[in-house]
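> Give the three-dimensional model of this entry:
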Amino acid sequence: MTWRVLITDPVVPECVALLEAEPGVQVDFEPGLPASDLLRRIADSDALIVRSGTQVTREVIEAGTRLKVIARAGTGVDNVDVEAATRRGVLVMNAPSGNTIAAAEHTLSLMLALARAIPAADRSVKAGEWQRGRFLGVELYGKTLGILGYGRIGREVARRAAAFGMRVLIHDPFVTPEPTETAFQFRVLPEVLGEADFVTLHVPFTSHTRHLIDEAALAHLKPGARLVNVSRGGVVDEAALRRALEAGRLAGAALDVFEEEPPAKGDPLIQRADVVATPHLGASTKEAQELVAITVAEQLLDVFRGRPARNAVNLPTLTPEMGERVRPFLYLAERVGAMQAQLAQGPPKSIQVRFAGEVAELDTAMIALGLFKGLLTPSLGDRANYVNCRAILKERRVGVDLTRTDDAGEFASAIESRVENERDQHAVGATIRRDGSYRLTQVDGYRIDAELAGSLIVLKNQDVPGVIGRIGTILGDHRVNISHLTWGRRGVRGEDALTVIGVDTPLPAAGLAALAAEKTVVWVRSVTLPAAPGAD
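Numbers count the residues shown, from 1 in each chain. Take a look at the predicted model:
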């Protein structure tokens with residue numbers, strides 16, 4: 001067959017040439033194509049290559065009646081409606097490692113610019129001034145750097161900071177340090193913020209990292225510290241950052257990304273002399289742009305040649321027959337993994353998964369990928385996908401044990417998992433009813449029958465009169481409405497019980513703290529589950 005590839009953002013010529021050299025591939029290179037024309041042109045395209053400029057909306061995807069693959073020449077897929085693509089069976093892939101060095105070097109560039117007031121000094125000299133005393137800087141040598149997020153980019157920043165003679169502190173609750181990384185200290189977030197002279201962010205933007213640096217986090221920062229953000233704009237509460245700068249708590253901030261891009265003209269935060277701002281340049285090097293563009297071209301060719309997809313961020317490629325049976329359990333497993341991640345108090349050390357009943361007759365290794373993805377997504381965001389999640393667990397030395405059995409008890413099929421870390425362990429069981437609904441069947445040995453969807457509050461509580469009333473009062477005080485509630489016992493009356501509450505909206509942090517402070521509550525977790533396309 002002939003594959004028609006539409007490219008709507010600038011890419012290096014090598015990318016186009018690589019695709020055009022493949023027999024049966026036709027390339028339409030139209031960078032800057034207007035959105036209205038994209039809706040027309042996408043209808044004739046089998047594959048679409050974009051960077052960050054093109055917005056691949058639901059409308060665009062639905063107009064792509066022949067569309068099979070969307071390739072993002074870069075890391076983030078914020079500009080692609082992945083859920084809409086998944087619903088249409090369109091594969092979405094990215095190039096997650098191509099900009100690692102560029103982003104790490106830009107981070108160090110911004111740190112140096114902050115430390116030596118380079119942008120302000122440059123403007124001063126160009127204005128005809130010579131005010132050496134005005135620009136007294138600080139050295140990186142001997143300073144403490146706090147790195148929030150220890151993925152590919154965070155690791156490269158740590159290595160470079162160490163070469164500058166900096167002491168490196170790291171906070172990443174989902175990473176276990178390697179034996180070779182003893183030079184770096186892994187700490188809890190308040191300790192990192194309280195000791196660091198510079199703090200740099202390298203986390204994905206998820207519901208868990210939105211406004212990670214908020215009023216409370218900024219209050220923990222060491223007075224005179226400097227903040228650098230080359231990750232995602234929404235990770236920093238910009239209004240809170242501006243107030244901290246105005247109060248003189250921070251010596252400065254360097255921002256490559258913003259909550260709104262481009263920021264509003266005249267934004268008072270950006271206009272400050274103690275803020276260095278760049279227009280999302282983390283991946284903007286000649287080398288990085290060449291690498292990501294060539295990488296996605298090679299990945300597309302793999303798909304065209306019938307080879308397994310690399311760096312897919314949504315579903316693996318399934319035959320229609322296999323997909324019809326496997327997909328529901330893939331989504332069920334992903335919810336089980338997501339729940340395990342949010343119950344846990346640290347990175348996983350071992351995972352045991354038991355497939356029972358009819359599901360045991362399917363490709364359980366593939367279904368397990370859903371659980372692994374669900375387990376990793378709360379910490380890694382879209383960096384974790386069905387293709388790479390198993391490799392990530394192996395890289396982190398997480399033990400995995402998959403078993404099958406015909407015996408699913410009262411259910412036709414069941415998926416049961418036990419995840420253990422250094423601090424605790426949790427067991428979660430789930431099933432799919434004949435009507436297609438996803439049900440939670442047990443948590444830590446407590447028999448439960450609850451809808452496994454949306455937002456849940458899971459808590460272990462004393463089995464005494466009045467508990468449910470007090471919990472309901474706290475939720476009411478925080479304007480959180482209960483959609484369903486169930487609880488279970490493991491033994492006789494008077495022992496601890498486990499309660500699962502479905503809520504219409506996630507419980508705010510203050511409400512979670514109020515529940516945790518309730519004397520009858522042993523522990524409590526807020527859980528938000530991913531939606532399965534077309535399932536809910």
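> Go through the chain and flag its longest helix.
With secondary structure taken from DSSP state H, the chain has its longest helix at helix 320-343.
> Buried ones in that helix, by neighbour count?
Buried residues in helix 320-343, counted by 16 or more other Cβ atoms under 10 Å: 326-343. Just so you know, the C-beta spots here come from the backbone N, C-alpha and C atoms, and that holds for glycine as well.
> wouldn't G494 be in contact with P465 here?
No - using Cβ atoms under 8 Å, G494 makes no contact with P465, being 10.9 Å away.
> For these two, indicate the residue with more neighbours.
A side-by-side neighbour count of G494 and P465, using other Cβ atoms under 10 Å, places G494 first with 10 against 7.
> how about the nearest residue to the more buried one, chain neighbours excluded?
D463 (5.8 Å; Cβ to Cβ, 6 or more residues apart in numbering).
> Look up how far V522 lies from that neighbour.
Plainly put, D463 is 11 Å away from V522 if you go by Cβ to Cβ, to the nearest Å.
> and these two? which has more neighbours close in?
The neighbour count for D463 versus V522, taken as other Cβ under 10 Å, is higher for D463 (18 against 13).
> State whether the more buried one is indeed within a helix.
No - counting by DSSP: H, G, I helix; E, B strand; the rest coil, D463 is not found in a helix; it is coil.
> ok now do it, which residues does it touch?
R489, R493, G494, E495, D496, A497 (Cβ atoms under 8 Å, 6 or more residues apart in numbering).
> what residues are up against the spatially closest residue to T278 that is not a sequence neighbour?
Leaving aside its chain neighbours, T278 sits nearest to D256 (4.8 Å; criterion: Cβ to Cβ, 6+ apart). Going by Cβ under 8 Å, 6+ apart, D256 touches H106, L110, N229, V230, A277, T278, P279, H280, L281, G282.
> and if we set it to 7 Å?
H106, L110, N229, V230, T278, H280, L281, G282 (Cβ atoms under 7 Å, 6 or more residues apart in numbering).
> about what we covered before: which of the contacts of D463 tops the neighbour count?
These, ranked by neighbours (other Cβ under 10 Å): first place A497, 21 neighbours.
> Verify the stated contact: that one with N461.
Yes - assessed by Cβ atoms under 7 Å, A497 is found in contact with N461 at 5.8 Å.
> Now the one helix or strand G370 maps to: average pLDDT?
For G370, the element it lies in under DSSP states H and E is helix 364-380. In this model, helix 364-380 carries a mean pLDDT of 91.
> Give me the helices and strands touching it, please.
helix 320-343, strand 348-357, helix 389-395, strand 399-405 (3 or more Cβ pairs under 7 Å, 6 or more residues apart in numbering; DSSP states H and E).
> Repeat the analysis, applying 10 Å as the threshold.
helix 320-343, strand 348-357, helix 389-395, strand 399-405, strand 413-421 (3 or more Cβ pairs under 10 Å, 6 or more residues apart in numbering; DSSP states H and E).
> right, so of the ones you listed, which gets closest to V527?
helix 320-343 (4.5 Å; Cβ to Cβ).
> the inter-axis angle of that closest one versus strand 413-421?
40 degrees (axes from the mean of the first three to the mean of the last three Cα atoms, to 10 degrees).
> Now do helix 320-343 and helix 364-380, the angle between them.
Using the same axes, to 10 degrees: helix 320-343 against helix 364-380 is 40 degrees.
> What's the end-to-end length of stretch 142-150?
For stretch 142-150, the first-to-last residue distance is 21 Å (Cα to Cα, to the nearest Å).
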